[in-house]
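# fold the following, please.
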Amino acid sequence: MKKQKDVQVYPLTSDTFVLRSRTWDRLKFEIEYGLKRGTTANSYLIQGEKIALIDTPGESFTDIFLAALIKRIDPVTINYLILGHVNPNRCITIRKLLELAPQITIICSNPGAISLRNILENVELNITIVKGEETLDLGNDRILEFINTPNPRYPDHLCTYDQKTQILYTDKLFSAHVCGDQILDEGWNIYREDRRYYFDCVLAPYANQVENSLEKLAEKPAQIYATGHGPLVKYGLHELTNKYQELLQKQKAKTLSVALIYASAYGNTGTLAAAIARGIIKAGVAVDSLNAEFSSPSEIKNALEKCAGFIMGTPTLGGHAPTPIQTALGVVLANATKDKLAGVFGSFGWSGEAIDLLENKFKDAGYSFGFEPIRVKFSPTDSILKLCEEAGTDFAQAIKKAVKNKQAKPSVSTSQSDRTTQALGRIVGSLSVVTTIQDDVKGAMLASWVSQATFSPPGFTVAVAKERAIESLMYSGHKFVLNILQQGNHIPLMKQFLKPFAPGEDRFVGVDLDTAENGCPILKDALAYIECRVENRMECGDHWLIYAIAETGNLLKNEGVTAIHHRKSGNNY
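Okay, here's the model as predicted:
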């Protein structure tokens, strides 16, 4: 039976409680929700001499959250509401809370205060702005410290540290979109994949800012990370902190970067930007993400000087681009050399004049485009987010190709490394096509690095390059079909899935298909197929190694042998 939304209340100390607003469904179309494992929106109640509530959930939980809060405490006794970040969705809950408890003082960063006043323009607000590392005395030696931890996507991001309990309230940092009964991270390894995915989607594009935030937080001797989403971090605290540092260093070590400049009036353009950034990062290129509303012209100029390409995103407001985008556009046109690749995207309600403005300005200036301009009406869907991710990957690959072409071709060598590479290339693999589907998003990939791995349960591994579009559809629990090709009948299918596809293009046009029990496409011209479930995945250099369980399968041709891929070099497929 499908579970409903609820609020789970749990004491962290005798006077500190977490209120976990939970849903097992996906709330909205954003790239960080792509694993579709539900989510929790964590709020915290500190009942000292004075009472503080840290964060509220969004509109989906407003009524059940307030009902759970009222059972715990009378809202009129709450002195402070501390906000880790502000968005329109959260403000619906805040509005209703203030109707019950207008005496509350809201504590947030300055960008958060600006957003609050714009969103709740008809509500009387009592706001205290955190300008530096300030503190709040709740009485009885209960001191809260505030740490500004902004990044371009969340310029108002604020963390809170409780000196007495040594609980660090981290909001977006160290979070994961996963829903369950577990409150703390016992057996923390089971959340490794979820936290890594969240990091890649939400934080990787802002490596410099996130690193600065972690340096500030390192000064606080935390016993628990009280996250904004998912289980709280206690048992894997040091391991997760070290993993963040490792991932940040990998991002900063990348030699190529893309400047991603955008503004987002209602969050939709920011969602598109996050999906594009994810695609770029998958392809091994760094992203320097800049929110034009909070980035200075000098910051934009510095990013343009370092980058190999730039992408601009804009909403359309009243038929025009917002002022921060117009300012940023001037900086781009004045400073980005014509050899840099360009890209344009944006969202709109009724018209998309601002997107046309960017496209025409860059065309007139002589820039080449890394993908066709992306125009999205209203909120993006899963398929649109996948299109944006693929566009980002194509953009990054085009940059890498251009750089490679500029480099001199290496001379022929018979070194030991060359001989090793030639020997490695003699490992053969069966030619197969991996096919999968999630909702309205399909994926397919020609694969030859496939090998049976276990007898019991029957399982095998398949290597998937990090930049492959299908990679984001191959996480634990996801379903796919391995279509094994037949020697002598494999060329048409091999050509079909080897050809380059535009972002969002249907890979299966003209292919004779059937549907497996798990819903994924079966290639009727294959020799055999296996319906599979991803059990685990391991990061291996430039590939992910996917371990899958074979759940069922069938021979489509009783006669015939498997098509084999012979290589001469271990440097390519």
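# what are the ranges of the helices in the stretch 451-573 of the chain?
According to DSSP state H, counting those that start in this stretch, the stretch 451-573 of the chain carries its helices in the segments 491-498.
# kindly report the same for the stretch 251-400 of the chain.
When assigned using DSSP H, counting those that start in this stretch, the helices of the stretch 251-400 of the chain occupy the ranges 268-282, 297-306, 323-335, 353-365, 382-406.
# how about residue 69, what does it touch?
The contact partners of residue 69, by C-beta atoms under 8 Å, 6 or more residues apart in numbering, come to 19, 45, 53, 75, 97. C-betas here are computed from N, CA, C, even on glycine.
# name the nearest of these relative to residue 571.
Of all these, residue 19 has the smallest distance to residue 571: 53.8 Å, by C-beta to C-beta.
# neighbours around the nearest residue to residue 441 once chain neighbours are set aside, how many?
Of all residues not flanking residue 441 in the chain, residue 386 sits nearest, at 4.9 Å (C-beta to C-beta, 6 or more residues apart in numbering). When counting by other C-beta atoms under 10 Å, one arrives at 26 neighbours for residue 386.
# then residue 49?
Every residue meeting other C-beta under 10 Å relative to residue 49 is counted, giving 12.
# got a list of what it touches?
Counting by C-beta under 8 Å, 6+ apart, residue 49 touches 138-140, 142.
# among the helices of the stretch 251-400 of the chain, which comes closest to residue 565?
Relative to residue 565, the nearest member of these by C-beta to C-beta is helix 382-406, separated by 21.9 Å.
# now do that closest one: which elements does it pack against?
Under the contact definition 3 or more C-beta pairs under 8 Å, 6 or more residues apart in numbering; DSSP states H and E, helix 382-406 sits against strand 257-262, helix 268-282, strand 309-315, strand 341-348, strand 374-377, strand 441-447.
# identify the residues contacting the third one?
Meaning strand 309-315. The set of residues external to strand 309-315 that reach it, using C-beta under 8 Å, 6+ apart, is 258-266, 268-269, 272-273, 276, 303-304, 321-322, 325, 328-329, 332, 336, 340-348, 354-355, 357-358, 370, 395, 398-399.
# with just CA atoms, put it into PDB.
The C-alpha atoms that make up strand 309-315 are tabulated as PDB, following Å, rounded to 0.1, in the frame of the first residue of the first chain:
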ATOM      1  CA  GLY A 309      33.100  28.600 -23.300                       C
ATOM      2  CA  PHE A 310      30.100  30.400 -21.700                       C
ATOM      3  CA  ILE A 311      26.400  29.700 -21.400                       C
ATOM      4  CA  MET A 312      23.800  32.300 -20.500                       C
ATOM      5  CA  GLY A 313      20.300  31.700 -19.100                       C
ATOM      6  CA  THR A 314      17.500  34.100 -18.600                       C
ATOM      7  CA  PRO A 315      13.800  34.400 -17.700                       C
END
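# just the mean pLDDT for that strand, thanks.
For strand 309-315, the per-residue pLDDT values average out at 98.
# parallel or antiparallel, list what pairs with it.
With DSSP bridges as the test, strand 309-315 is paired with strand 257-262 (parallel), strand 341-348 (parallel).
# check the nearest residue to residue 139 once chain neighbours are set aside and give its pLDDT.
With C-beta to C-beta, 6+ apart as the criterion, residue 139 has its nearest non-adjacent residue at 2.7 Å, and that residue is residue 49. In the predicted model, residue 49 carries a pLDDT score of 95.
# list the buried residues in stretch 453-460.
Taking 16 or more other C-beta atoms under 10 Å as the basis for neighbour counts, the residues of stretch 453-460 that come out buried are 458-460.
# now render these as TSV, adding pLDDT.
Written out in TSV, the entries for the buried residues of stretch 453-460 read as follows (pLDDT from 0 to 100):
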residue	pLDDT
458	98
459	98
460	98
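# can you list the domains in the protein?
The domain map for the chain lists 6-251, 256-405, 422-565, with the assignment taken from automatic domain parsing.
# show the end-to-end separation of the last one, please.
When you say that, I think you mean domain 422-565. 15 Å (C-alpha to C-alpha, to the nearest Å).
# and it, how far from the chain's centre?
Domain 422-565 sits 24 Å away from the centroid of its parent chain (C-alpha atoms, centre = their mean, to the nearest Å).
# just the longest one next, same as before
Here domain 6-251 shows a centroid-to-chain-centroid distance of 18 Å under the convention C-alpha atoms, centre = their mean.
# and the end-to-end length of it?
Across its full length, domain 6-251 reaches 37 Å between end residues, using C-alpha to C-alpha.
# tell me the confidence at the spatially most central residue of the chain?
With distances taken as C-alpha atoms, centre = their mean, residue 201 lies nearest the centre of the chain, 1.6 Å away. The predicted structure scores residue 201 at 94 on the pLDDT scale.
# which one is it nearest to, not counting chain neighbours?
In space, and not counting its chain neighbours, residue 201 is closest to residue 32: 3.9 Å by C-beta to C-beta, 6+ apart.
# contact partners for the one you found?
Contacts for residue 32 (C-beta under 8 Å, 6+ apart) come out as 177, 197-198, 201-202, 274.
# repeat that for residue 375.
Residue 375 sits next to 345-348, 352, 355 when contact means C-beta under 8 Å, 6+ apart.
# dig out what it forms beta bridges with.
So, taking DSSP bridges as the rule, residue 375 has residue 346 as bridge partners.
# quick check, pLDDT for it.
Residue-level confidence at residue 375 comes out at 97, pLDDT.
# equivalent analysis for the one 5 residues further on, please.
At residue 380, the model reports a pLDDT of 93.
# the nearest residue to residue 289 once chain neighbours are set aside in helix, strand or coil?
The spatially closest residue to residue 289, leaving aside those adjacent along the chain, is residue 205, at 4.1 Å (C-beta to C-beta, 6+ apart). Secondary structure for residue 205, judged by DSSP: H, G, I helix; E, B strand; the rest coil, is helix.
# look at residue 205 and say how many residues are nearby.
As a burial measure, residue 205 scores 27 neighbours (other C-beta under 10 Å).
# and the pLDDT at it?
At residue 205, the model reports a pLDDT of 93.
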